[in-house]
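[1] just a sequence and a predicted model for now, questions to come.
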Amino acid sequence: MDNNFVKLRTTFKQLILEHRPDLDDLPDMRSRLVYLNRLAAVQDVYRSVVLDPVYLKKEIESKKHREDGNNLVKAGQFGEALKKYNLAILVAPFLEKDQLSDENNSSEISLCLANRAFVLSKMKMYKHAVQDLNLSLELGYPHKSRFKILQRLGVAYEILNDSIKAMDTYKRVLESLDTAEISQDLKMKVKKEVNLKLESLSMAGKPGLISKLQEPDLELMERNMEYPALSSSVRVEEKEGRGRSAIADRFMLPGVLVARETVSASVLYIPKISVNCWTCLKETLIPYPCSSCPVLFCSATCSSKEKHDRFECKLLSLGLLRVSETLDCQLATNLQLAFRLITKECAEFHFSLPYDQSTTTAYKAYTRILKLVNHQDMCNTVEHVSSALTLQHWLFVSGYTDSTSSDMILCLCSLYLAIVKANCHGTFQLESTASDYAKLSMVGISIFPDVAATFNHCCDPNTFVVDMGQELLTFTSRIVQEGEELTQVYGSYYGEADRDKRRSKLMEKFNFTCDCDACRLEYPTSSTLLEEGKTFQQTPQERFWKHVSDEDKIGLDDEILRLGNEVEHSLEAGNQRWALEVTKERMKIISENLRSPHILLTMGMISLLKYSWSVYGSRSIKYNPRNLPCYF
């Protein structure tokens, strides 16, 4: 797809290459940015870009989808009707709540929402129906029929056991009858039905509240004082050649939670824009639209102005994120995260930021982000500067800045892009496919400053991570000794790719050459390890931490097999939580006896990761936990 994003970066790349000799003579990235920003040719490129809104709502198209949905409802095909109402809602033009009046309302989308709520109630999805009915009323559902919507809303609240809101809603039904265009006999009938409802609810005793699902017990009882996302059992110290490093302050078993961090900033992966919520990245079956751009949300809460600002909306409405090639999508997503980090605060805020932690609460989140490594001066000049110039253009056309020639703005773009590239975390959801029942599918990228600042890379890591909504959970993947560094994998695990491929990718993205044991000793990949042996009895003595007799090896194999059968039975019964607990015990036995590299350690880590995701992780609508296999 030909688009301004690709064309703009390509033009900037050509311009940078023309000036490459002069740029190479400059001492650092800032000097190169200032040099280029002051070239007349760069400003000519900005002026040459023609932008027109490419995304427009279409009421005629919305009505057609709504009518199709109505016909499907009459045929009793509620699932298909829901799809049609979703399409109708996403293309229906509407005004924001603060722009509404009796003369200017959003009747088309309010009708679509009301019709979808009817289908959701039929499908027993009452919480979603409540959201749709409330939003339909807020967006100007016609007064003459409003009593019907309020009646449905009252019934939904009753079913959800929220008596307080049910009673308030039924009282609104009585008030709405004053403007209802119905016969007097029908008004009297509705009043009688509603009064009976109110009498019944008032006699039912203390109104109930909607019950909440209990979240799994994952609280860190005590936290690190300097890095509060980390457990108190983790200390942070400077290590020569590795910088800040997370160190285990005590002996740890497999599956121990060592960090739990709420995201500082996240953005949706561009290809997911028509499927997942723009705000929380969650896949949504019942989307809510934006009034001006093509994104969708999972709820009315996520669609609030506080969470979807005008700068992003402008960018999207101009089609600047319309990219199709995989590499372009990844780069555009990186730029979008840098864009969000910048536009969350005004330019003056960023320019005034101190680079230490002795600051007010308002600045703490950003000072933590700015303390992350960025490798800015080591970035590829052509790729990095063309991206920074493109980001500056985004800030200008979105209305965040009124100039494309500010050296400070361009340097700000460069800094945040470098931070994002070196520290962003790919955010995933669990889904089931024909070939992989527990596939991790990328839905966005995020910044988790505490974990990014303290967990270094290793191709044979002793921790793994799970995305749980807007939080990142970090668990140990095997036994960790007191004083041992806690590590994560930034790219490929040693079992997935050979050393040269791993090192090449790490250098390209993170600008370092990995020197972990897996790289120095050239650990074999999983396919080779599988050929070498997959039992204790087949394992040579040098792969054990201590001498183990042949008889003990047989006993270890028997115990691993017994526990494996227990995992399999638990999964067949749909009990993933117990399968996870048994897998922790299997990994304890394996890691207290075997040293890397070994296929049992590899398969044990994969099993822990998959089952932990199944219990705690973000899930796609397409995920089916019943299909989880026993991996070894």
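    All right, it came through fine. Numbers count the residues shown, from 1 in each chain.
[2] now the helices for the stretch 1-150 of the chain?
    Assigned by DSSP state H, counting those that start in this stretch, the helices in the stretch 1-150 of the chain fall at 4-18, 20-24, 29-37, 40-48, 59-74, 78-91, 107-122, 126-138, 146-159.
[3] brain fart, the stretch 451-600 of the chain
    In the stretch 451-600 of the chain, the helices defined using DSSP H, counting those that start in this stretch lie at 499-510, 517-520, 526-532, 550-572, 576-593, 599-616.
[4] these: which one's closest to Gly399?
    Among the helices of the stretch 451-600 of the chain, the nearest to Gly399 by Cβ to Cβ is helix 499-510 (31.9 Å). (Each C-beta comes from the backbone N, C-alpha and C, glycine too.)
[5] give me the buried positions along that closest one.
    For helix 499-510, a neighbour-count test (16 or more other Cβ atoms under 10 Å) marks 499, 502-503, 506, 510 as buried.
[6] let's have those in TSV, adding distance to Phe455 and pLDDT.
    Below are those laid out as TSV (distance: Cβ to Cβ, whole Å; pLDDT from 0 to 100):
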residue	distance to Phe455	pLDDT
Arg499	21	96
Arg502	17	96
Arg503	19	96
Leu506	15	93
Phe510	13	89
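[7] quick one: contacts of the lengthiest strand in the chain?
    Secondary structure of the chain read by DSSP state E shows that its longest strand is strand 439-447. Strand 439-447 is contacted from outside by 263-269, 272, 276, 281, 283, 333-334, 337, 341, 369, 419-420, 423-433, 472, 613, 618, 620, using Cβ atoms under 8 Å, 6 or more residues apart in numbering.
[8] just the buried members of those residues?
    Looks like those have 263-269, 272, 276, 281, 283, 333-334, 337, 341, 369, 419-420, 423-425, 427-432, 472, 613, 618, 620 buried, using 16+ other Cβ under 10 Å.
[9] these in helices, which ones?
    Of those, the ones assigned to helices by DSSP state H are 333-334, 337, 341, 369, 419-420, 423, 613.
[10] which one of the residues you listed is nearest Gln481?
    Trp613 (26.0 Å).
[11] find the nearest non-adjacent residue to that closest one, please.
    Leu430 (5.0 Å; Cβ to Cβ, 6 or more residues apart in numbering).
[12] for the stretch 301-450 of the chain, what spans make up the helices?
    Taking DSSP H, counting those that start in this stretch as the test, the helices found in the stretch 301-450 of the chain are 310-317, 326-343, 347-352, 361-370, 381-397, 407-423, 449-454.
[13] about what we covered before: would you turn the buried residues of helix 499-510 into TSV with distance to Phe147?
    Shown next, in TSV, are those (distance: Cβ to Cβ, whole Å):
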residue	distance to Phe147
Arg499	71
Arg502	65
Arg503	69
Leu506	64
Phe510	61
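[14] looking at the helices of the stretch 451-600 of the chain, which is buried most?
    With neighbours taken as mean count of other Cβ atoms under 10 Å, the helices of the stretch 451-600 of the chain reach their highest mean count in helix 599-616, at a mean of 23.
[15] for that helix, packing partners?
    Secondary-structure packing of helix 599-616 (3 or more Cβ pairs under 8 Å, 6 or more residues apart in numbering; DSSP states H and E): strand 463-468, strand 471-476, helix 526-532, helix 576-593.
[16] could you give the angle of the second one to strand 463-468?
    If you take axes from the mean of the first three to the mean of the last three Cα atoms, to 10 degrees, strand 471-476 sits at 150 degrees to strand 463-468.
[17] now do the last one
    With the same axes, to 10 degrees as the criterion, the two stretches helix 576-593 and strand 463-468 enclose an angle of 170 degrees.
[18] can you tell me what sits against helix 576-593?
    For helix 576-593, the external contacting residues (Cβ under 8 Å, 6+ apart) are 253-255, 477-479, 536, 544-545, 548, 556, 559-560, 563-564, 566-567, 570-571, 598, 600-601, 604-605, 607-608, 611-612, 614-615, 625, 628, 630.
[19] shaky segments in the protein?
    Scanning the chain for pLDDT under 70 picks out 1-3, 97-105, 204-217, 305-307, 354-362.
[20] each with direction, which strands does the longest strand of the chain pair with?
    Here strand 439-447 is paired, per DSSP bridges, with strand 265-268 (antiparallel), strand 425-431 (antiparallel).
[21] dump these to CSV, plus distance to Ser387.
    Formatted as CSV, the strands paired with strand 439-447 follow (distance: least, Cβ to Cβ, whole Å):
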stretch, distance to Ser387
strand 265-268, 15
strand 425-431, 18
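[22] between the ones you listed, which gets nearest to Met378?
    Closest to Met378 of the strands paired with strand 439-447 is strand 425-431 (Cβ to Cβ; 20.6 Å).
[23] how distant is stretch 376-385 from the center of its chain?
    For stretch 376-385, the separation from the chain centroid amounts to 27 Å (computed by Cα atoms, centre = their mean, to the nearest Å).
[24] buried ones in that stretch?
    Judged by neighbour count using 16+ other Cβ under 10 Å, the buried positions of stretch 376-385 are 376, 379, 381-382, 384-385.
[25] residues in contact with it?
    12-13, 16-17, 20, 23, 28-29, 32-33, 36, 414-415, 417-418, 421, 511.
[26] and stretch 291-308, by the same measure?
    55, 57, 90, 93-96, 131, 134-135, 268, 273-274, 277-280, 282, 284, 286-290, 312-314, 316-317.
[27] how far does it stretch from one end to the other?
    11 Å (Cα to Cα, to the nearest Å).
[28] once you drop chain neighbours, what's closest to Thr284?
    If the residues on either side of it in the chain are set aside, Thr284 comes closest to Cys298, at 4.0 Å by Cβ to Cβ, 6+ apart.
[29] now that neighbour: how far from Thr583?
    Going from Cys298 to Thr583 by Cβ to Cβ, to the nearest Å gives 31 Å.
[30] do the same with Ser106
    Distance of Ser106 to Thr583, computed by Cβ to Cβ: 51 Å.
[31] how about Tyr611?
    As for Tyr611, its distance to Thr583 is 6 Å (criterion: Cβ to Cβ).
[32] doesn't Cys630 lie inside a helix?
    No - Cys630 is assigned coil when assessed by DSSP: H, G, I helix; E, B strand; the rest coil, not a helix.
[33] distance of it from Leu113?
    Counting by Cβ to Cβ, the gap from Cys630 to Leu113 is 45 Å.
[34] neighbour-wise, which of those two wins?
    Between Cys630 and Leu113, counted using other Cβ atoms under 10 Å, the more crowded position is Leu113 (29 against 18).
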